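Engineer: Here's a sequence, model it:
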Amino acid sequence: QGSQILSGLSTEDHKTVLHLIKRAILATDLTVYMRRKEFFSLAKKKRVSWKSEKQRDLLSMLMTASDLSAITKPWPEQRRIASLVAKELFAQGDKEREQFKTEPIDVMNRENSTRLPNMQVEYIDEICYPLYKTVSGLFNSCSPLLSGCKKNRENWLQLAEEAEEENNENSSTVTLETH
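Structural biologist: Numbers count the residues shown, from 1 in each chain. Modelled structure (predicted):
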């Protein structure tokens, strides 16, 4: 059915639509997202537009916001999804360690599994929060995404603090036992 919709377009419009779709899909690559400083600058000045080619990063940023939206879901769902993603990333890290004999990046290193809450807070602070703050500043209807992101950051931070307290208690117990 999608090809029927595109078949009614002129050749030029067809190329434009396919280009936009390709860009939107590629935008879900976070390395592309990290190069979007100009978008954040334009958004801050409220100078984002659908019209100019240079400013069509809006579509890409909305696609990224959609792609990362698990971080905005209610806490039980967010925690479940984060656990599934972590398992997938750790499995990839195990595979890299085994096949390529290389140390995986932190987020894929199973040895960091106890740091998951801290890694989630970092992920929110560095990627998700700035994106949702900017998008909700442009479109008020996106404000629930920012709100959900903030709530989940609070939950991850609480888990990180609890894990740190537990580690401190364990290390003081070991210290007491050795004296």
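
Engineer: The helix of greatest length in the chain packs against which elements?
Structural biologist: Using DSSP state H, we find that the single longest helix of the chain is helix 143-178. In this structure, helix 143-178 makes packing contacts with helix 75-100, helix 116-123, helix 129-138, judged by 3 or more CB pairs under 8 Å, 6 or more residues apart in numbering; DSSP states H and E. No exception for glycine: its C-beta is placed from N, CA and C like everyone else's.

Engineer: Would you mind confirming that A70 makes contact with A82?
Structural biologist: Yes - the pair A70 / A82 is scored as a contact, 7.5 Å apart, by CB atoms under 8 Å.

Engineer: Excluding chain neighbours, give the residue nearest to K46 in space.
Structural biologist: Nearest residue to K46 in three dimensions, chain neighbours excluded: L138, at 7.7 Å (CB to CB, 6 or more residues apart in numbering).

Engineer: what about L68, how many neighbours?
Structural biologist: Residues near L68, counting by other CB atoms under 10 Å, number 20.

Engineer: How about the contacts made by it?
Structural biologist: Contact analysis of L68 by CB atoms under 8 Å, 6 or more residues apart in numbering lists 127-128, 131.

Engineer: got the buried residues for the longest helix of the chain?
Structural biologist: Residues of helix 143-178 classed as buried by neighbour count (16 or more other CB atoms under 10 Å): 145-146, 148-150, 152-153, 155-157, 159-160.

Engineer: That one: how far from the chain's middle?
Structural biologist: Distance of helix 143-178 from its chain centroid, counting by CA atoms, centre = their mean, to the nearest Å, is 20 Å.

Engineer: quick one, it and helix 129-138 angle?
Structural biologist: Counting by axes from the mean of the first three to the mean of the last three CA atoms, to 10 degrees, helix 143-178 lies at 160 degrees to helix 129-138.

Engineer: Mean confidence (pLDDT) on helix 143-178, please.
Structural biologist: For helix 143-178, mean pLDDT is 85.

Engineer: What of stretch 21-41?
Structural biologist: 72.

Engineer: From the contact counts, what lies against the helix or strand hosting L20?
Structural biologist: Taking DSSP states H and E as the definition, one finds L20 inside helix 11-26. For helix 11-26, the elements it packs on are helix 2-7, helix 57-67, judged by 3+ CB pairs under 8 Å, 6+ apart.

Engineer: again, 7 Å this time
Structural biologist: helix 57-67 (3 or more CB pairs under 7 Å, 6 or more residues apart in numbering; DSSP states H and E).

Engineer: For the helix it packs on, list the C-alpha coordinates in CSV.
Structural biologist: Written as CSV, here are the backbone C-alpha positions of helix 57-67 (Å, rounded to 0.1, in the frame of the first residue of the first chain):
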residue,chain,number,x,y,z
ASP,A,57,17.1,18.0,11.0
LEU,A,58,13.8,18.5,12.9
LEU,A,59,12.5,15.3,11.2
SER,A,60,15.6,13.4,12.1
MET,A,61,15.4,14.6,15.7
LEU,A,62,11.8,13.6,16.0
MET,A,63,12.7,10.2,14.7
THR,A,64,15.4,9.9,17.3
ALA,A,65,13.0,11.0,20.0
SER,A,66,10.6,8.2,18.9
ASP,A,67,13.4,5.7,18.7
